[in-house]
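[1] here is a sequence with its predicted model. Questions after.
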Amino acid sequence: MIGARWGVTQDETRLHFDCDDLVGARPALEAWRGVTVEAPPSVVWPWVGQVRVAPYSYDWLDNLGRRSPRDLVGLAEPRVGEPFTRSGGRPLGRLAAVEPGRQLTGEILGAYLSYLLVSLGENGTRLLLKVVMDTRPVLAPFLSVGDLVMARRQLLNLKARAEAIAH
């Protein structure tokens with residue numbers, strides 16, 4: 001098993017993420033990513049839910065050059081079974097679990113991704129992402145590196161959007 005983390009403490013890796021319930025006990029890949037957002041969870045949550053309309057990482061690469069929205073588009077609360085995200089306007093994956101205001105889990109290309117919001121009080125949130133995947137062990141290191149680059153950009157973009165509203 002490959003385990004990788006960026007911006008996440010050892011204690012945060014022990015938190016329960018919904019994706020843990022959707023793969024075997026020993027997935028080939030586990031990757032944790034995290035950022036601290038200077039905004040309350042109520043401001044961060046709509047941005048997490050907005051990954052349903054765009055990937056929010058490198059638009060030129062994973063959104064076929066289309067710019068991810070810079071404003072909230074007024075989506076309803078996410079529901080299990082809806083498309084997880086979009087690339088180039090086309091739906092990809094599906095939502096596998098939702099705990100409104102706290103956790104969103106999607107499946108795409110055989111990987112499960114859980115976004116978890118942890119309150120740091122009135123003005124702060126830890127935005128954590130865990131990716132798990134049952135894959136060939138030889139592929140796991142390559143997928144982990146690719147995920148690090150894309151997920152880091154996504155979390156930083158979501159952080160910037162939420163902080164722009166909060167301040």
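    All right, it came through fine.
[2] and the helices in this protein?
    For the chain, the helices defined by DSSP state H occupy 10-13, 41-49, 59-62, 140-166.
[3] worst mean pLDDT among those helices?
    Least confident of the helices of the chain, judged by mean pLDDT, is helix 59-62 with a mean of 52.
[4] show me the strands in the protein, by range?
    2-6, 29-37, 85-87, 90-92, 94-99, 103-108, 111-119, 125-133 (DSSP state E).
[5] what's the third one packed up against?
    The criterion is 3 or more CB pairs under 8 Å, 6 or more residues apart in numbering; DSSP states H and E, and the helices and strands that strand 85-87 contacts are strand 90-92. Every residue, glycine included, has its C-beta placed from N, CA and C.
[6] cool, the second one as well?
    Counting contacts by 3+ CB pairs under 8 Å, 6+ apart, the secondary-structure elements packed against strand 29-37 are strand 2-6, helix 10-13, strand 125-133, helix 140-166.
[7] I'd guessed Pro41 sits against Leu117; true?
    Yes. Using CB atoms under 8 Å, Pro41 is in contact with Leu117, at 4.5 Å.
[8] okay, and the common contacts of those two?
    Taking CB atoms under 8 Å, 6 or more residues apart in numbering as the contact rule, Pro41 and Leu117 both touch 101-102, 125.
[9] scan the residues you listed and report the most crowded one.
    Within the shared contacts of Pro41 and Leu117, Thr125 tops the neighbour count with 25 neighbours, counted by other CB atoms under 10 Å.
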